[in-house]
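In: Provided below for reference: sequence and predicted model.
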Amino acid sequence: MDPAQPLPVVLVVDDEVRSQDAMRRTLDEDFVVLTASGADQARIHLERQEVSVILCDQRMPGLSGVAFLKEVRERWPDTVRIVISGYTDSEDIIAGINDAGIYQYILKPWIPQHLLGTVRNAAEARTLQRDMSRLDLELRTSTSVLRWRAEHKLDRARATFDFDRIERLPGSPMDAVCALAGRIARVDLSVLIQGESGTGKELLARAMHYASPRAAGAFVVENCAALTDTLLESELFGHKRGAFTGAFEDHVGLFQRAHGGTIFLDEIGETSPAFQLRLLRVLQEGEVRPVGATRVVPVDVRVIAATHRDLEQRVRDGLFREDLYYRIACVTFTVPPLRERSGDIGPIARRLLAEIGPALGRGAVRLGDDALAALLAYPWPGNIRELRNEISRAVALGEGEEMTAAAFSSRVLQGQAGRSVQAQAQALPSSGTLAERLDAVEAMLLRETLLRHRWNKTRAALELGLSRVGLRGKMKRFGLED
């Protein structure tokens, strides 16, 4: 018993005083024990205070125990009712169960520990029952509050994943993509999103989900390239216990979890023809059959698929089913790579800094002009995913409130240097003396080498075959002193 809580009250109803005393001695350490010699005295106790458990003898003068407990059931239904009897009359037992709703039927002579354990369980059952009743009442009375909370969370999700939160400058190629996606989001059609890896296809799919009538449902994601056919079928469609080695329990698939919502199938172009056939059946029939199951489960799911492949070409090559392609590609979007929307690099980088800086304990970090120039010069073959990784690395290794180009990896700086060389080469003079033109080429190569080595003069001199003194002389000659 919880020492902070008042002791439960137990009422013993028995016409024999010795039985009353024996039960009192057994129970009085854990309970407040009241006694009564018959139904009349018991009613007085019940009317005056709350009784958790009543122990009633079956054979008493006047009203029998079962008859009295039937009355208790009607007037004080929360009180747990126990019958004690020295007779094993089956009719009494049946009547006690059916009419009085007794919790337990204890035979005399009873064992003290058994009696104490039974009453403890009865009192705990009554407490749990009252708690559940109170929770049910609270849930019924707080439906409006729960509804408000759910709507509030949905509004926050919509704001977080709104199309306007996809960072871009006005006039970006993403404007047309987001505008079309916003219109299609409201129509319950399957969508195929194409684009290189790391361009933000999942972010676009999530924005479509929260702009759709299915926004209150789940948005679940599966990368089809990450799993074998067997595991992919299990993840998407579920499985029954024992369906295959290692299936120790039933597993609900993502299609069932997404019922009423959206499922995002990333890299669908990597799936095998065998899996494509099973997926096609699910989309056609609107039902899944978990692996090892005999029954199908209906599902109502919107499918948004994504791929970095040219699916039309894979259809022509016989690597992707034509019927599945037309099933998932009711509407097709293409997300442009980052190199084709370089104007968006600045806003995306600043957004990433605002997220990553506090997460890594750096607080607010500004993007320096030289850092932005380096980011703009690099082609970003890994797109936004690569940009995020580079920003994370630079935040972790950098210092101060401003991010400079020095914090970037050599890969990014070499990309910047390559762009610089190309730009400088185009700007080389096409006229002048041979000596002047050679000097321009030498200055360009010197600057490119210094930039690639982050102005580390020792490394630059070593690559150029110069001494540090010779390098400094050339730097001074060409105005490259730091």
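Out: Received it, and whenever you're ready, just let me know what you need.
In: okay, the residue lying farthest from the centre of the chain: pLDDT?
Out: Within the chain, the residue lying farthest from the chain centre (CA atoms, centre = their mean) is T433, at 67.8 Å. Here the pLDDT value assigned to T433 is 76.
In: Please apply the same query to T127.
Out: For T127, pLDDT reads 83.
In: Check the one 10 residues further on too.
Out: At L137 the predicted local confidence, pLDDT, stands at 65.
In: Can you spell out the domain ranges of the chain, please?
Out: 9-139, 161-334, 340-477 (automatic domain parsing).
In: Can you lay out those domains as TSV showing distance to R147?
Out: In short, each C-beta sits where N, CA and C put it, glycine included. Below are those laid out as TSV (distance: least, CB to CB, whole Å):
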stretch	distance to R147
domain 9-139	12
domain 161-334	11
domain 340-477	31
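In: right, and the ones you listed - which one's nearest H152?
Out: Across those, H152 has its closest neighbour in domain 161-334 (12.3 Å, CB to CB).
In: first vs last residue of the closest one, how far apart are they?
Out: Its first and final residues considered, domain 161-334 spans 19 Å by CA to CA, to the nearest Å.
In: Next up, the contacts around the closest residue to V296 other than its chain neighbours.
Out: The shortest distance from V296 to any residue other than its chain neighbours is 4.3 Å, reached at E287 (CB to CB, 6 or more residues apart in numbering). For E287, the contacting residues are 296-299, by CB atoms under 8 Å, 6 or more residues apart in numbering.
In: For burial, what's the neighbour tally of L466?
Out: L466 sits with 17 neighbouring residues when counted by other CB atoms under 10 Å.
In: quick one on the thing from earlier: rank the domains of the chain by pLDDT, which is bottom?
Out: domain 340-477 (a mean of 81).
In: what's next to stretch 110-122, contact-wise?
Out: So stretch 110-122 is contacted by 10, 23, 26-27, 30-31, 52-53, 55, 80, 82, 84, 103-104, 106 (CB under 8 Å, 6+ apart).
In: Of all the residues in that stretch, which ones are buried?
Out: For stretch 110-122, burial by neighbour count (16 or more other CB atoms under 10 Å) applies to 110, 115-116, 118-120, 122.
In: got it, and stretch 179-189?
Out: In stretch 179-189, counting by 16+ other CB under 10 Å, buried: 181, 184-185.
In: Which ones among the residues you listed map onto helices?
Out: 181, 184-185 (DSSP state H).
In: what packs against the helix or strand harbouring K70?
Out: K70 belongs to helix 65-75 when assigned by DSSP states H and E. When contacts are defined as 3 or more CB pairs under 8 Å, 6 or more residues apart in numbering; DSSP states H and E, helix 65-75 packs onto helix 39-48, strand 53-57, strand 80-85, helix 90-98.
In: okay if I get the ones you listed as a markdown table plus mean neighbour count and distance to D344?
Out: What follows is the helices and strands packed on helix 65-75, written out as a markdown table (neighbours: other CB atoms under 10 Å; distance: least, CB to CB, whole Å):
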| stretch | mean neighbour count | distance to D344 |
| --- | --- | --- |
| helix 39-48 | 15 | 76 |
| strand 53-57 | 26 | 71 |
| strand 80-85 | 23 | 69 |
| helix 90-98 | 15 | 74 |
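In: how about the ones you listed, which one is nearest R149?
Out: strand 80-85 (35.9 Å).
In: quick one: V9 and E16, what's the gap?
Out: 21 Å (CB to CB, to the nearest Å).
In: circling back: list buried residues within the contacts of E287.
Out: For the contacts of E287, buried by 16+ other CB under 10 Å: 297, 299.
In: Among the contacts of E287, which ones are in strands?
Out: 297-298 (DSSP state E).
In: quick check, nearest of the contacts of E287 to G465?
Out: Checking these one by one against G465 (CB to CB), the nearest turns out to be V299, at 68.5 Å.
In: Now for the spatially closest residue to the closest one that is not a sequence neighbour: which residues touch it?
Out: Excluding the flanking residues, the one nearest V299 by CB to CB, 6+ apart is F255, at 4.8 Å. Neighbouring residues of F255 by CB under 8 Å, 6+ apart: 236-238, 263, 282, 288, 299, 301.
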